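Enquirer: after the sequence you'll find the predicted model.
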Amino acid sequence: MKKTFSAMSGRAALFTSVGLASIACSTPVIAQDTEASTESNAPASVDTSTPEAGAIVVTGSRIRRDEFTTAEPITVITAEEVTQSGFNSITDALQSNAVTQGAGQINNFYGGFVTDGGTGANTLGLRGLGPARTLILLNGRRLAPGGTRGSVVSADLNVLPTAIIDRIEVLKAGASSVYGSDAVAGVVNILTDQSLSGLNLDMQVNVPEVGAGIDRRIAASFGVQADRLNLVGSLEYRKRDQLSRNDVRFFDCPVGGFLTGEGTAFGSGDTPGFDGSTCFTLDNGGVTINTLGAPTRQAISRTDGTIGRFNRFVPAPGVTTGPFPGFLGVDFYSRDTLDREQENEPLITEAEIYTGYLSGGYELDALGNAELYGEVLATRRKSTSPLYRQLSLDYAQGSPLLPLSLRDGAFLAPNEVSNGQIIAARAFIGFGLTDSSQTVDYVRVGGGLRGDLPLSGWRYDAYVGKSWNDAEYNQQSFLTDRLANSLNAVQNADGSFSCASQASNANCVAAPFLTADVIGGNLPQDFRDYILADIRGTTEFRETTYALNIDGPIFAMPGGDVQVALGAEYREQSINDQPDPNATNGNLFGLTAGTPTVGSDNVKEVFGELFVPILADTPGFYRLNFNGSVRYTDYASYGSDVTYKLGAEWEPIRGFALRGSYGTSYRAPALAEQFLGATSGFLSSTADPCDDLPGSVDQSPTQQIIAANCAAIGLPADFQQTSGVSVFRVGGADAGLEAETSTNWSVGGVINPPLPTSVGTLSLSLDYFDIKVENGVQDLAGGTILTRCYSDPNFDPNAGFCRFVERDQNNALSVTSSFVNLSEDIVKGYEFNGRYSRDMLGGRLVLNANVTKYTEQSTRLFPEEFLTDANGIVTAPDWVGNFDATMAFDRFTIRYGVDWTDGDNNRTYEYFAFDEQTGITDPDLVQAYRDAYLLEVDDYFLHNASVQFNVADRFELTVGVRNIFDTAPPRITAIGFSTVGNAPLYSGYDYRGRTFFAAANFDF
């Protein structure tokens, strides 16, 4: 089952956060729509500190300016730096700590998890606020959501054309008043190289030292720069092989990782499993297989040979005596839990991506020196993620498929495959890997007309764009009706078996007679083929945009021309996800059922921006600028609102400046958040927190809390759940979902002292940021609801998370989950950037540092709760840093980089011991957690290095190593977090190990 930087010296750089950390910048920042050209691949030894003359548009603004200045920090990453850092795609670079600064991302390690956008999708979220609150632009135009299934919410980074990218500008501040909804946490603007001339070929291969998971890419780009015609394009192909868990030794032996007291050895509190090892027990990594479930009876214990009472058994043909011949009794730890085939599931999913990009412009010499421009982006992604499945065969009372000794038992209540009969026995079978694949076709077409207006300095830009996302997702699944038919069998005169419905269902294959071989997974091939079917669903997502912008100067002030930008935009979206009829009808055994997700929305917006350069080159006011923007937004679904933003820059003395901004945002829920088709599914009976708890002596601190809460509602200490947990999930529109609002402010300073050339250049900046989201949209998963409900120290069966849980008179559980509005979501912290460069030893040395310190990352789901601050826990570090050094000579460049993620010794324990109802962290509970669990991680460092050779200005070769010291992710106890082996699943860690890369680039 699925587990639910460009660095500029001088005044031009004074107000921008320099490009730092693991990606060093070497070119001037010339943003989109510039009239000046930019040297796209300048070597680091060249001093390109001063932008060329011409108006530029900086990400986060629609005003054209003659200098790169902004009231907020912007990180710029160039294509050259992506290559030097060893990233084989823009996607990988965007999801690195240099951009995300510790925020967890959905990447290629999530193949076995249900994620927005479906398996294989890669998304980006800034400041830990998620991808739905981060706006992705391509050449200043929003990138529509992409992916599979009904939860297509955010842009899929896989569609980006790596080969033609010039640079990326990252604004880590709210910009809804400039760009509209989604820009709550920030904006990422990917800019293509519009000045390319001639033909360029580039190729790269990344090879993990383990030999699996090889990632290769080859591309061709071209450019034509004629008198009136500009045309650039690229074609590229990327193939990433699967990296399985069994390819990496670190994941060979997942254990529970429990302790026998604070400071004791990791795993010292673990209980050995069926094979005498603590690996792959049900505490971590294991799944019940090769096991028979039957009514409690006496049997010889597999563990010690004594007679006891059991309801789980393993076949033992050699056991011919005792109360249950042919079987041994097993408990939680002594049952079989490891099928080596399950370790062939991907750690990194396989993918094949084809990308084509073409853009061009033609000067009409009419309509105000107008340029007719257009752009086409087309991609196809084919990805796979095999899924290991356990098969439960439920044999009904009286079934001829059962031995006589088991036919009259009553093990479980009737379910969907037992044909209304009480279940006498269940076989837990390791079935093996099943196929899962996705094909996603994404096309974006846009174009328009831009030129001069009659007013001096004024320009217009009219744009129309449309995006298509057409996807197909396929998965092999057991079908409930076929299992029910096959288990409803009759015995023929010759002793064989056939389906009772054979006359009307000629293709039916009867389930096999229950034997030790069957329990061990040796199923007849015709039966396997009958119950397993290929399931197909399709997803369509459409987005159409119409936009008109005008901008220009209105009057002069001492600091320069006051400029204004005005515009209007209309955008409409629609989603149509059609699951397979078997999913719609609830016929997928062991997988969630789903109904179609169909909906549409549109938004009308008008906006304006004002830039006021009040003073310049005056003592005390060498620069004093003001910027303001406002946007009126009217959604068909959620009504209207006004957002605004104010910013200012002040340079009181040369080399030192202050900056700050304050803005508001308004985000209507995405289509998937509104209209996600109602789904009904189930979790296994073991998902009931009260099920089969250990005895009080063996209970962990969390289990002690759960046991007390279960007792409070009248459940006995030895309660065993006999029914699966029903999960009902509905879209937010049905649950009264509301639009979310937020505020975002920052204040900071920049130091860029004038230094002698012999000393070099220095630029330092420090900014404080504060983001507060109200009514934030969040998806509640069924498992999360159950865990939060029953592990609450202040348990109330009718409040908090328990309000979504019902337990009927037979103690069967049902959970209702949906997208809901968070009461509050807050992120605060500081971001430091530093850069130093100087000429030395015949080359140029550049040192970069980028450090983020979060002071708060808190949420609360219900208004009556206290804020829960996750800042500093294992998957939300409070300190993150990137450092690099580059030494560039005439023909080669050496680069060394380090990523740093802060460790944690205290916060995770305190986080889990915090009570949202009282706002108190229980110190006794913290200590109990310390005694039982290891939830601490050391500081985590990833080192990478490269050497780049430039041969005759036509050929460039880059070779290097990522994760030089083969640093493994940290180990924690398998509780509280999704884990891969014993590593927390977190995008800031590297699961591949040491990886070698080589990239070659040819210019013709």
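Expert: Structure received.
Enquirer: what about the residue lying closest to residue 621 once chain neighbours are set aside, neighbour count?
Expert: Distances taken as C-beta to C-beta, 6 or more residues apart in numbering place residue 615 nearest to residue 621, at 3.9 Å, with adjacent residues excluded. C-beta here means a position set from N, CA and C on the backbone, and glycine is covered the same way. With neighbours defined by other C-beta atoms under 10 Å, the count for residue 615 comes to 17.
Enquirer: again with residue 630
Expert: 17.
Enquirer: ranges for the helices of this structure?
Expert: Assigned helices in the chain, in chain order: 79-84, 90-94, 97-100, 176-179, 480-487, 516-519, 525-531, 581-584, 671-675, 701-712, 782-790, 907-913, 923-932 (criterion: DSSP state H).
Enquirer: to residue 629, which of those helices lies closest?
Expert: helix 176-179 (4.3 Å; C-beta to C-beta).
Enquirer: who wins for proximity to residue 276 among the helices of the chain?
Expert: helix 516-519 (21.0 Å).
Enquirer: can you give me the mean pLDDT across that closest one?
Expert: Averaged across helix 516-519, pLDDT comes to 96.
Enquirer: tell me which other helices or strands it touches.
Expert: strand 307-315, strand 423-434 (3 or more C-beta pairs under 8 Å, 6 or more residues apart in numbering; DSSP states H and E).
Enquirer: may I have that helix as CSV, with CA atoms only?
Expert: What follows is helix 516-519 as a C-alpha-only set of coordinates in CSV (Å, rounded to 0.1, in the frame of the first residue of the first chain):
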residue,chain,number,x,y,z
ALA,A,516,1.7,-23.7,3.1
ASP,A,517,2.8,-23.1,-0.4
VAL,A,518,0.0,-20.6,-1.0
ILE,A,519,0.7,-18.8,2.3
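Enquirer: just give me the neighbour total for the closest residue in space to residue 802 that isn't next to it in sequence.
Expert: Leaving aside its sequence neighbours, residue 802 sits nearest to residue 789 (C-beta to C-beta, 6+ apart; 4.2 Å). Counted with other C-beta under 10 Å, the neighbours of residue 789 add up to 23.
Enquirer: surely residue 789 touches residue 801?
Expert: Yes: if you go by C-beta atoms under 8 Å, residue 789 and residue 801 touch, sitting 4.3 Å apart.
Enquirer: now the strands for the stretch 101-250 of the chain?
Expert: 134-138, 141-142, 165-171, 186-192, 198-208, 215-225, 229-240, 243-244 (DSSP state E, counting those that start in this stretch).
Enquirer: just the stretch 801-950 of the chain next, same as before
Expert: 805-807, 813-840, 843-860, 868-869, 879-888, 892-901, 914-915, 920-921, 940-951.
Enquirer: note down every partner strand of the fourth one and its orientation.
Expert: In other words, strand 868-869. strand 843-860 (antiparallel) (DSSP bridges).
Enquirer: same check, this time on the fifth one
Expert: When pairing is defined by DSSP bridges, strand 879-888 lines up against strand 843-860 (antiparallel), strand 892-901 (antiparallel).
Enquirer: need those strands in JSON lines with distance to residue 958 and mean neighbour count, can you?
Expert: As requested, the strands paired with strand 879-888 are exported to JSON lines (distance: least, C-beta to C-beta, whole Å; neighbours: other C-beta atoms under 10 Å):
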{"stretch": "strand 843-860", "distance to residue 958": "17", "mean neighbour count": "21"}
{"stretch": "strand 892-901", "distance to residue 958": "9", "mean neighbour count": "21"}
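Enquirer: for those strands, give me a markdown table that also has mean pLDDT and distance to residue 235.
Expert: What follows is those, written out as a markdown table (pLDDT from 0 to 100; distance: least, C-beta to C-beta, whole Å):
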| stretch | mean pLDDT | distance to residue 235 |
| --- | --- | --- |
| strand 843-860 | 95 | 33 |
| strand 892-901 | 96 | 28 |
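Enquirer: adding distance to residue 548, write those strands out as a markdown table.
Expert: As requested, those are exported to a markdown table (distance: least, C-beta to C-beta, whole Å):
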| stretch | distance to residue 548 |
| --- | --- |
| strand 843-860 | 38 |
| strand 892-901 | 43 |
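Enquirer: out of those, flag the one nearest residue 70.
Expert: Of the strands paired with strand 879-888, nearest to residue 70 by C-beta to C-beta is strand 843-860, at 16.9 Å.
Enquirer: okay, the angle between that closest one and strand 813-840?
Expert: 160 degrees (axes from the mean of the first three to the mean of the last three C-alpha atoms, to 10 degrees).
Enquirer: hey, which of the helices and strands packed on helix 516-519 is tucked in deepest?
Expert: strand 423-434 (a mean of 21; mean count of other C-beta atoms under 10 Å).
Enquirer: helices or strands up against it?
Expert: strand 291-300, strand 387-396, strand 459-479, helix 516-519.
Enquirer: angle of that strand against strand 459-479?
Expert: 130 degrees.
Enquirer: any idea which residue of the chain is furthest from its center?
Expert: No residue in the chain sits farther from the centre than residue 493, which is 57.3 Å out by C-alpha atoms, centre = their mean.
Enquirer: thanks a lot, see you next time.
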